[in-house]
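pasting a predicted model and its sequence here:
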Amino acid sequence: MAANSQPAVMIVDDEEMVITSVRAFLRLETDYHIFGFSNPEDAAKFLETNPVDVVVSDYLMPRMNGLQLLTKAKEYQPESARVLLTGHADKQSAIQAINDVGLYQYIEKPWDNQQLLLVIQSAIERTTLLRSLREKIIALDAAHSNLKEIQAKLLRAFL
Amino acid sequence: MSEQATTTPLERDKRQLSELYRMAAVGRLTAKIVHEINTPIGSIRSNNEVLGRMLEKLSQMVAEAVQNNTAPPAKAIDIIDTLKSLSAVDKIACDRISAVVRGLKTFARSNEGVLRKTDVNELLRDTLKLAGCEYRRRIEVVEDYGDVGEVECFPQLMNQVFLNLLVNAGQAIEGEGTVTVLTRQEDGWAHIAITDSGKGIAPENRSRIFSPGFTTKPIGEGTGLGLTITREIVVDTHQGVIEFDSEPGRGTTFHVRIPLVHHKRQTA
């Protein structure tokens, strides 16, 4: 999420009906930017250059499954949260998702809107915190480097 | 004399085995059928909540406009557009669920012992609704139905033949591909051809595919009975013919031919 802008949520499902429903609900409840993709390959391409806060993806999709897409999302945007929204509720894919792509949440279809909203809200909060932490670490590193330079200058001045 | 009365104990046992296999075949598809239904249910459930709240908002806007004697705000038009699109989604979702349930109903009918005139094209369409759960949009289905007319057969058994062949066709395709279903009437016979663009049958396995217990599917996925039962239904029960052409890496076509009039009627 860029400064002063609304959170960005990506919904990926090869079923247009899911994108339409989730988009309508999120528009009613929030002012998030919503990016819907029915083709996971297009979604992966979008993620290469456009930051999003949360990626909510279906599992079973043609050409690229949800785990493959979320692996790409992790590679391009490690801080954004990854959520699997799937009707294919088998234990193996859930375990693989948690272990391999650092899944934030696993939601089964048919989903509950309020639960989905809570997950997305807390995922955005987590992403914001991670980004803020990264910025602080960078600032801290910069301050540390500055301090070292000043220390070196001081040493040179006194020696 | 009824068909059941002319059935021998061996034929009855075979029918029972076939019936058990038929239900098991649907059972194995259950997870995919659930997935196929859960998506539209999820949409309908979500839309229902959104529709209710949007209608409430719209009512308030209209009431305020009436009270103030002004036109409804532009936002009301947005809401109406969203309501229309959600209503369209609900219709598609309901159609999807109905199609799967219809496919299941065709399987659940318990009149498999009855020989009757059947629209084979209709039977194939219903079976495709279930097999489509296995295909899950990775496979394009091409349907080429000819004017076959009515075929005298045991519809439940033929339904099972089609499901076995269609599921096998889908499983033969790794990733994306095409399954083509073709029907024709040929000199007193109904010809049904099911073609997949899958991996094909290895030459060394071709003589064994109809043998009981033979399977190339992973443990737990294949029983090795599907094609055996399919062959028995086509050849023994309907005095038909089942053949296949296959080319490794290019795909397989199964040809099923059954007489339009069942042999028991022909010889009567």
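That came through fine.

how far does stretch B:170-187 sit from its chain's centre?
Relative to its chain's centre, stretch B:170-187 lies at 12 Å (Cα atoms, centre = their mean, to the nearest Å).

do it and chain A meet?
Yes - Stretch B:170-187 comes into contact with chain A (Cβ under 8 Å from any Cβ of the partner chain), by way of B:E176. (C-beta placed from N, C-alpha, C; glycine too.)

just the mean pLDDT for that stretch, thanks.
What stretch B:170-187 shows for mean pLDDT is 92.

how about stretch A:149-159?
Stretch A:149-159 shows a mean pLDDT of 89.

elements contacting the host helix or strand of B:N159?
Assigned by DSSP states H and E, B:N159 falls within helix B:155-172. If contacts are counted by 3 or more Cβ pairs under 8 Å, 6 or more residues apart in numbering or on different chains; DSSP states H and E, helix B:155-172 sits against helix B:9-68, helix B:74-108, strand B:116-119, helix B:120-135, strand B:177-186, strand B:189-196, helix B:226-231, strand B:251-259.

repeat that for 6 Å
Where contact means 3 or more Cβ pairs under 6 Å, 6 or more residues apart in numbering or on different chains; DSSP states H and E, helix B:155-172 is packed against helix B:120-135, strand B:189-196, helix B:226-231.

how about it as PDB, C-alpha atoms only?
Coordinates of each C-alpha in helix B:155-172 appear next as PDB, following Å, rounded to 0.1, in the frame of the first residue of the first chain:
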ATOM      1  CA  PRO B 155     -30.200 -46.600 -19.500                       C
ATOM      2  CA  GLN B 156     -28.600 -46.900 -16.100                       C
ATOM      3  CA  LEU B 157     -26.100 -49.400 -17.400                       C
ATOM      4  CA  MET B 158     -25.300 -47.400 -20.400                       C
ATOM      5  CA  ASN B 159     -25.000 -44.300 -18.200                       C
ATOM      6  CA  GLN B 160     -22.300 -46.200 -16.300                       C
ATOM      7  CA  VAL B 161     -20.500 -47.100 -19.600                       C
ATOM      8  CA  PHE B 162     -20.400 -43.400 -20.500                       C
ATOM      9  CA  LEU B 163     -19.200 -42.300 -17.100                       C
ATOM     10  CA  ASN B 164     -16.400 -44.900 -17.000                       C
ATOM     11  CA  LEU B 165     -15.200 -43.900 -20.500                       C
ATOM     12  CA  LEU B 166     -15.600 -40.100 -19.900                       C
ATOM     13  CA  VAL B 167     -13.800 -40.200 -16.500                       C
ATOM     14  CA  ASN B 168     -11.000 -42.400 -18.100                       C
ATOM     15  CA  ALA B 169     -10.700 -39.900 -20.900                       C
ATOM     16  CA  GLY B 170     -10.300 -37.100 -18.500                       C
ATOM     17  CA  GLN B 171      -7.700 -38.900 -16.400                       C
ATOM     18  CA  ALA B 172      -5.700 -39.800 -19.600                       C
END
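
quick check: chain neighbours aside, which residue is closest to the residue in the stretch 151-268 of chain B that chain A sits nearest to?
In the stretch 151-268 of chain B, the residue that lies nearest chain A is B:E176 (6.2 Å; Cβ to the nearest Cβ). Closest residue to B:E176 apart from its sequence neighbours, by Cβ to Cβ, 6 or more residues apart in numbering or on different chains: B:R138 at 5.1 Å.

on that earlier part again, now the phi/psi pair for the residue of the stretch 151-268 of chain B closest to chain A, please.
phi -90, psi 160 (degrees, to the nearest 10).

next one: it from B:R136, what distance?
11 Å (Cβ to Cβ, to the nearest Å).

what about the two, which has more around it?
Just comparing B:E176 and B:R136: by other Cβ atoms under 10 Å in any protein chain shown the higher neighbour count belongs to B:R136, 16 against 12.

any idea how far B:T180 is from the more buried one?
Separation of B:R136 from B:T180 (Cβ to Cβ): 18 Å.

just the CA coordinates for the helix or strand of chain A with the lowest mean pLDDT, please, in CSV.
Least confident helix or strand of chain A, by mean pLDDT, DSSP states H and E, is helix A:91-101 with a mean of 78. Coordinates of each C-alpha in helix A:91-101 appear next as CSV, following Å, rounded to 0.1, in the frame of the first residue of the first chain:
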residue,chain,number,x,y,z
LYS,A,91,-5.5,-31.8,3.9
GLN,A,92,-2.5,-32.3,1.7
SER,A,93,-2.9,-29.1,-0.3
ALA,A,94,-3.6,-27.2,2.9
ILE,A,95,-0.3,-28.5,4.5
GLN,A,96,1.6,-27.8,1.3
ALA,A,97,0.2,-24.3,1.2
ILE,A,98,1.2,-23.5,4.7
ASN,A,99,4.7,-25.0,4.4
ASP,A,100,5.6,-23.9,0.9
VAL,A,101,4.1,-20.5,0.4
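
list the buried residues of it.
Within helix A:91-101, the residues scored as buried using 16 or more other Cβ atoms under 10 Å in any protein chain shown are A:S93, A:A94, A:A97, A:V101.

how much distance is there from that helix to the middle of the chain?
The chain centre lies 17 Å from the centre of helix A:91-101; the measure is Cα atoms, centre = their mean.

can you list the strands that whichever helix or strand comes after that helix pairs with?
Sequence-wise, the next helix or strand downstream of helix A:91-101 (DSSP H and E) is strand A:105-108. Partners of strand A:105-108 in the sheet, by DSSP bridges, are strand A:81-86 (parallel).

circling back to that earlier point, can you redo the helices and strands packed on helix B:155-172 as JSON lines with mean neighbour count?
Converted to JSON lines, the helices and strands packed on helix B:155-172 look like this (neighbours: other Cβ atoms under 10 Å in any protein chain shown):
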{"stretch": "helix B:120-135", "mean neighbour count": "21"}
{"stretch": "strand B:189-196", "mean neighbour count": "22"}
{"stretch": "helix B:226-231", "mean neighbour count": "22"}
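
would you mind giving the ones you listed as CSV with distance to A:A142 added?
Formatted as CSV, those follow (distance: least, Cβ to Cβ, whole Å):
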stretch, distance to A:A142
helix B:120-135, 55
strand B:189-196, 61
helix B:226-231, 67
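
can the ones you listed go into TSV with extra columns for distance to chain A?
Listed next are these as TSV, based on distance: least, Cβ to the nearest Cβ, whole Å:
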stretch	distance to chain A
helix B:120-135	10
strand B:189-196	16
helix B:226-231	23
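
what separation do you get for A:A152 and A:L140?
Taking Cβ to Cβ, one finds A:A152 at 19 Å from A:L140.

and the residue positioned nearest the centre of chain A, what does it touch?
The centroid of chain A falls nearest to A:S80 when counting by Cα atoms, centre = their mean (2.4 Å). Counting by Cβ atoms under 6 Å, 6 or more residues apart in numbering or on different chains, A:S80 touches A:V52, A:D53, A:T127.
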